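*Asks:* I'd like to go over a predicted model; first the sequence, then the structure.
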Amino acid sequence: MIKRNQRLINRMNALSDALIAFLAAPLAYWMRFSLLPGPSGGQSMADYLLLGLFSMLVHWLVYGALGLFTIVRHRRIFHTLSRILAAEFLSALIILSLLFFAGFSDASRLVLFCMLALGITFSCGKFLLVLLLLRRYRKKGYNQRHIVLIGSGHTAQRYARMIRADRSLGYQIDGCVAASPDEWPGQRFLGTYADVETVLRAQNPDEAIVALPPEDYVHICDVIRACDKAGAFARIVPCYDDYASAKMRAETINGINIVDFRDIPLNHLGKAMVKRAMDVSLSVLILLVTSPLLLIAAVGTKLSSPGPVLFRQPRVGKDKKTFQMFKIRSMRVNSTSDTAWTGSQDKRKTRFGAFLRKCSIDELPQFFNVLKGDLIFVVLDRKFFRREIDGRARDALQFAHDSFYSLGAGGAGHAADRLRLFCHVLTTPSVIFAFIILAVHKKRKTQKKLF
């Protein structure tokens, strides 16, 4: 039933996209020659109706090539919106090129621009509306995709918690297959690994999720063969998922499939340049805006206690290289400043320094570290970094930057969710995503909104 419904939804989605592409042409003609002053240039509505049919064909091919006709439950909103923008600009480029080569160079450029604007507006609006309706529909228990979960342990349980926590995805776990019933207390136990084929034929699920723990990987080949024999669509959640980056990259070398689970886009020159430009721009802007605060803080620090204004401390950065991180000094000069952790009742703090720390003004000089390239904008505080990330993860993460713990969203959410958010920022750098993080208040449940 779900498969027939999904096909119907995909077909309606494709039909609506084609209809938007067709109607954009006559609507753009009406906007240009009815609402805006200017001659018609001898062109009629019939000409743009033909252009609309041609635009519909081009959009049909481009949208189909980019996979936009299929509604994917787990696809991120920004991913789909960026693909819609790419499809619209590519379609406009193709239409302009074909009109030029066909000799129709007298077509109104303003009408073509309006077609592009209308196509982007209506296509993005339709996608968001459909997404909202489907999520509400699925939360009520409709349009569910039924799953048999094969495996146990931490990875399988985390997957089950994710499915139960986000009902808008529309997934329902019908039961579990594991080595023994004790692996899933309180869950519907369907059988052991030897019963996978029988269970799948009886349940006929839409998906079989294979999430075996490391100790059960001796059964992985038998489980995959059983899924193939039962004709079940199977997907695998690897047991090393906790150690992988937000996006793993797979490639084939001479017929051998290789998975790069530490692929970080910042290692690629183009994405690193975009991220660096964003960091520098934001740092300069913030330093300019907060320069009066920095001046007042410097004078107050100098008057409150003897010693330098800036406090320098070595930190480990990219490629395990140390650098000097800057802060406004909030304590009296002492011999344990580089080795002892501070607390809320630390007697080494001055009154003015306690005020600076409470308002996070002492963190502002770290933006000079961002300008130098020592730090980048991510969301994580130092205490969380020390407590939650073990040695292996420390080696994998490129930078640690704690200045937005109090300034932005870094203090919100469960520790494990914040770790996933931190890794997501490193592995999927995005200007839009960064601005969302900076805009969300720390008291809001940031991770629940973004993930």
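*Replies:* Great, that's in hand.

*Asks:* alpha carbons only for contacts and neighbour counts from here, please
*Replies:* OK.

*Asks:* State the pLDDT value of residue 148.
*Replies:* With respect to pLDDT, residue 148 scores 92.

*Asks:* which residues touch the nearest residue to it once chain neighbours are set aside?
*Replies:* Among residues not flanking residue 148 along the chain, residue 208 sits closest, at 4.9 Å (CA to CA, 6 or more residues apart in numbering). The contact partners of residue 208, taken as CA atoms under 8 Å, 6 or more residues apart in numbering, are 147, 148, 149, 150, 200, 227, 232, 233, 234, 235.

*Asks:* go with 6 Å
*Replies:* Contact analysis of residue 208 by CA atoms under 6 Å, 6 or more residues apart in numbering lists 147, 148, 234.

*Asks:* So which of those residues wins on neighbours?
*Replies:* Each of these was scored for neighbours by other CA atoms under 10 Å, and residue 148 scores highest at 25 neighbours.

*Asks:* quick one: contacts of the strand or helix carrying that one?
*Replies:* Assessed by DSSP states H and E, residue 148 sits inside strand 145-150. With contact meaning CA under 6 Å, 6+ apart, strand 145-150 is reached by 170-177, 205-211.

*Asks:* which one of those residues has the most neighbours?
*Replies:* Ranked by neighbour count (other CA under 10 Å), those have residue 211 at the top, with 27 neighbours.

*Asks:* which residues are contacting the helix or strand hosting residue 292?
*Replies:* Using DSSP H and E, residue 292 falls within helix 291-304. By CA under 6 Å, 6+ apart, the surrounding residues in contact with helix 291-304 are residue 309.

*Asks:* pLDDT on the next helix or strand after that helix, on average?
*Replies:* Counting by DSSP H and E, the next helix or strand C-terminal to helix 291-304 is strand 310-316. If you average the pLDDT over strand 310-316, you get 82.

*Asks:* Check which helices and strands strand 310-316 is in contact with.
*Replies:* Helices and strands touching strand 310-316, by 3 or more CA pairs under 6 Å, 6 or more residues apart in numbering; DSSP states H and E, are strand 322-328.

*Asks:* Remind me what the strand it packs on packs against, helices and strands.
*Replies:* strand 310-316.

*Asks:* ok, 10 Å please
*Replies:* Using 3 or more CA pairs under 10 Å, 6 or more residues apart in numbering; DSSP states H and E, the elements in contact with strand 322-328 are helix 291-304, strand 310-316, helix 351-359, helix 366-372.

*Asks:* Any idea which of those gets closest to residue 68?
*Replies:* Closest of those to residue 68 is helix 366-372, at 38.1 Å (criterion: CA to CA).

*Asks:* What lies in contact with that closest one?
*Replies:* With CA atoms under 10 Å, 6 or more residues apart in numbering as the test, helix 366-372 has contacts from 276-277, 279-287, 323-328, 373-377, 401-403.

*Asks:* what's the burial count for residue 356?
*Replies:* 19.

*Asks:* what residues are up against the closest residue to it other than its chain neighbours?
*Replies:* Counting by CA to CA, 6+ apart, residue 362 is the residue found nearest to residue 356 once chain neighbours are left out, at 5.4 Å. Counting by CA under 10 Å, 6+ apart, residue 362 makes contact with 293-294, 297-298, 310-311, 326-330, 353-356, 403.

*Asks:* let's see 7 Å
*Replies:* 327, 328, 356 (CA atoms under 7 Å, 6 or more residues apart in numbering).

*Asks:* Would you agree it falls within a helix?
*Replies:* Yes - Residue 362 sits within a helix when classified using DSSP: H, G, I helix; E, B strand; the rest coil.

*Asks:* before we move on, back to that, now distance to residue 215 too, for the contacts of residue 208, in JSON lines please.
*Replies:* Shown next, in JSON lines, are the contacts of residue 208 (distance: CA to CA, whole Å):
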{"residue": "147", "distance to residue 215": "23"}
{"residue": "148", "distance to residue 215": "20"}
{"residue": "234", "distance to residue 215": "20"}
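
*Asks:* What is the nearest of these to residue 271?
*Replies:* Among the contacts of residue 208, residue 234 lies closest to residue 271 (CA to CA), at 33.1 Å.

*Asks:* For the closest one, give me its contacts.
*Replies:* 207, 208, 209, 227.

*Asks:* Those residues into TSV, with extra columns for pLDDT?
*Replies:* Formatted as TSV, the contacts of residue 234 follow (pLDDT from 0 to 100):
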residue	pLDDT
207	89
208	92
209	92
227	91
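
*Asks:* Among those, which ones are in helices?
*Replies:* Using DSSP state H, the members of the contacts of residue 234 that fall within helices are residue 227.

*Asks:* buried residues in the helix holding residue 292?
*Replies:* Neighbour-count burial for helix 291-304 flags 294, 297, 298, 301 (criterion: 16 or more other CA atoms under 10 Å).

*Asks:* How far off centre is it?
*Replies:* Computed by CA atoms, centre = their mean, to the nearest Å, the chain-centroid distance of helix 291-304 equals 38 Å.

*Asks:* Quick one: find the helix or strand in the chain with the lowest mean pLDDT.
*Replies:* helix 404-407 (a mean of 33; mean pLDDT, DSSP states H and E).

*Asks:* How is this structure divided into domains?
*Replies:* Using automatic domain parsing, the domain ranges for the chain come out as 2-139, 145-239, 269-334+345-450.

*Asks:* for the second one, how far is the first residue from the last?
*Replies:* Read that as domain 145-239. Terminal residues of domain 145-239 lie 23 Å apart, using CA to CA, to the nearest Å.

*Asks:* What ranges does the stretch 201-350 of the chain have for its strands?
*Replies:* Along the stretch 201-350 of the chain, the segments classed as strands by DSSP state E, counting those that start in this stretch run 207-210, 234-236, 249-253, 256-260, 310-316, 322-328.

*Asks:* Which one of the ones you listed lies nearest to residue 128?
*Replies:* Residue 128 sits nearest to strand 207-210 of all the strands of the stretch 201-350 of the chain, at 25.7 Å, using CA to CA.

*Asks:* Direction included, what does the closest one pair against?
*Replies:* Strand pairing for strand 207-210, using DSSP bridges, gives strand 145-150 (parallel), strand 234-236 (parallel).

*Asks:* which residues does the spatially closest residue to residue 23 that is not a sequence neighbour contact?
*Replies:* Once flanking residues are discounted, residue 23 sits nearest to residue 52: 6.5 Å by CA to CA, 6+ apart. Contacts for residue 52 (CA under 7 Å, 6+ apart) come out as 21, 22, 23, 24, 25.

*Asks:* pLDDT value on residue 52, please?
*Replies:* pLDDT at residue 52 comes out at 86.

*Asks:* That one and residue 101, how far apart?
*Replies:* Distance of residue 52 to residue 101, given as CA to CA: 18 Å.
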